[in-house]
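S.K.: coordinates for the following, if possible.
(one chain, ligands or ions: 2)
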Amino acid sequence: MEAHDSSEPPLDSSEPPLEQTLITLRKNQSPEISDDGRNHRPAETLLIPEDEESREFMVLPMIDISRLSFEAGHAERTECEEEIAEAARHWGFFQVVNHGIPTQVIEQMTVEQKKAFRQPFEVKEAGGGKLQNRQASSYRWGNPAAKCLRQMFWSEEFRIPTGDIYGIEDQSLRSAMEMYATAVTVLAEKIAGVLAGNLGTGGSYFRENCTVRTCHLRLNRYPPCPFSEEVFGIVPHTDSDFLTIVCQDAVGGLQLMKDDGCWVSVSPNPNALVINIGDMLEAWSNGAYKSARHRVITSLEEERFSIAFFYCPKSETVIRSCISPAIYRDFSFREYQLQVQKDVRATGDKVGLKRFLV
Ligand SMILES: O=C(O)CCC(=O)C(=O)O
Ligand SMILES: [Fe+2]
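M.R.: Ligands and ions are numbered 1, 2, ... in the order given. Predicted coordinates for the structure are as follows:
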């Protein structure tokens with residue numbers, strides 16, 4: 001056999017060393033020796049237990065938010081507002097169409113996102129390359145805090161505060177990101193306003209506390225994964241912000257947990273954006289709106305891209321329930337983030353709002 005036939009295909013220079021990390025973490029798991037003397041993976045290490053129920057047939061609310069515009073009639077607007085609040089209460093997740101973000105802005109953003117991830121791994125690790133900016137964006141992969149396989153992320157990400165986008169040196173990436181971030185911020189403000197209004201308050205709290213300095217964008221890439229039974233793309237989690245807007249491609253893999261513990265897939269729709277409620281809105285609404293757990297499962301053959309916008313308050317913003325008696329004590333966003341970091345360092349996972357119950 002010729003030498004090149006037996007050699008490994010060349011490692012794509014843009015890929016982070018996810019497989020090596022997986023192998024190291026796998027070695028740390030203790031195998032169980034069964035009666036036949038062979039090593040078997042213990043049942044509890046199965047990523048998705050065989051008996052786990054999932055409800056593929058459930059369809060996430062799809063809301064046409066063009067009805068929020070001033071041209072729409074009062075009745076239509078009210079109906080749309082109620083659909084949004086209802087979805088936030090029962091699902092913590094919904095999709096929106098006719099959201100006002102031009103297709104061209106989304107397309108440009110996704111083209112630039114791919115280019116950023118296609119750079120050599122060393123360039124990404126050394127400060128982001130195309131995402132290089134005065135503050136230096138952060139590039140991460142795999143979840144450095146992972147203590148075992150089920151805490152590992154089979155993904156890579158660029159995270160950048162929206163207020164730092166202006167400093168990105170690559171002109172085409174900067175302009176695509178600026179347009180996208182501007183449009184998505186308007187959308188977040190609109191939805192937060194509707195959710196506040198439905199609880200009988202104004203949306204000014206959100207506009208005053210969420211600024212370009214406090215919100216951020218995360219570009220995600222999930223490489224094809226030959227070990228999809230062992231690792232998640234992103235492990236089950238809740239988001240810590242007020243709300244998140246996700247633009248996903250056509251591959252799929254995002255799932256959310258319904259309150260009965262069943263996982264439901266968020267089917268990709270090229271015209272829709274996914275909105276999910278974060279922990280701060282759950283606390284602020286006194287549990288009325290749900291910060292639903294969600295996760296991303298990997299695909300064996302296809303890489304997947306998504307863009308997440310996190311609508312976050314200032315560090316010093318106090319989160320106080322707008323309804324009494326409050327089920328969570330008052331806390332600042334900084335306090336919450338520090339607690340999350342502490343829990344993640346200690347256990348590899350976050351405990352979340354449970355720590356702030358009265
Ligand atoms: O990639 C996705 O669809 C979701 C990403 C996500 O949950 C996150 O970035 O927090
Ligand atoms: Fe998330």
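S.K.: so who does the nearest residue to Gly200 once chain neighbours are set aside touch?
M.R.: Ranked by Cβ to Cβ, 6 or more residues apart in numbering and with sequence neighbours excluded, the top spatial neighbour of Gly200 is Cys322, at 7.9 Å. Backbone N, C-alpha and C define where each C-beta goes, glycine included. Taking Cβ atoms under 8 Å, 6 or more residues apart in numbering as the definition of contact, the neighbours of Cys322 are Ala196, Leu199, Gly200, Thr201, Trp284, Ser285, Asn286.
S.K.: so which helix or strand takes in the first one?
M.R.: Which is Ala196. Following DSSP states H and E, one finds Ala196 within helix 171-198.
S.K.: and that helix, what's its mean pLDDT?
M.R.: Mean pLDDT, taken over the full extent of helix 171-198, equals 96.
S.K.: now do the next helix-or-strand element following that helix: distance to the chain's middle.
M.R.: Along the chain past helix 171-198, the next helix or strand (assigned with DSSP H and E) turns out to be helix 204-209. Average the C-alpha atoms of helix 204-209, do the same for its chain, and the two points are 22 Å apart (Cα atoms, centre = their mean, to the nearest Å).
S.K.: which residues touch helix 204-209?
M.R.: Contact partners of helix 204-209, identified using Cβ under 8 Å, 6+ apart, comprise Glu189, Ala192, Gly193, Ala196, Phe242, Trp284, Tyr311, Pro313, Lys314, Thr317.
S.K.: whichever of these end up buried, select them in PyMOL.
M.R.: Selecting in PyMOL just the buried members of the contacts of helix 204-209, where the criterion is 16 or more other Cβ atoms under 10 Å, is done with this command:
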select buried, resi 192+193+196+242+284+311+313+317
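S.K.: now the contacts of helix 204-209 in JSON lines, with distance to Leu273?
M.R.: Below are those laid out as JSON lines (distance: Cβ to Cβ, whole Å):
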{"residue": "Glu189", "distance to Leu273": "14"}
{"residue": "Ala192", "distance to Leu273": "15"}
{"residue": "Gly193", "distance to Leu273": "17"}
{"residue": "Ala196", "distance to Leu273": "20"}
{"residue": "Phe242", "distance to Leu273": "16"}
{"residue": "Trp284", "distance to Leu273": "22"}
{"residue": "Tyr311", "distance to Leu273": "13"}
{"residue": "Pro313", "distance to Leu273": "21"}
{"residue": "Lys314", "distance to Leu273": "25"}
{"residue": "Thr317", "distance to Leu273": "25"}
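S.K.: between the contacts of helix 204-209, which is nearest Val358?
M.R.: The shortest gap between Val358 and any of the contacts of helix 204-209 belongs to Trp284, at 14.6 Å (Cβ to Cβ).
S.K.: touching ligand 1 at all, stretch 146-158?
M.R.: No: under the criterion of Cβ under 6 Å from any ligand atom, ligand 1 is not reached by stretch 146-158; the shortest gap measures 7.3 Å.
S.K.: buried sites along that stretch?
M.R.: Counting neighbours by 16+ other Cβ under 10 Å, stretch 146-158 gives Ala146, Leu149, Arg150, Gln151, Met152, Phe153, Trp154, Ser155, Glu156, Glu157, Phe158 as buried.
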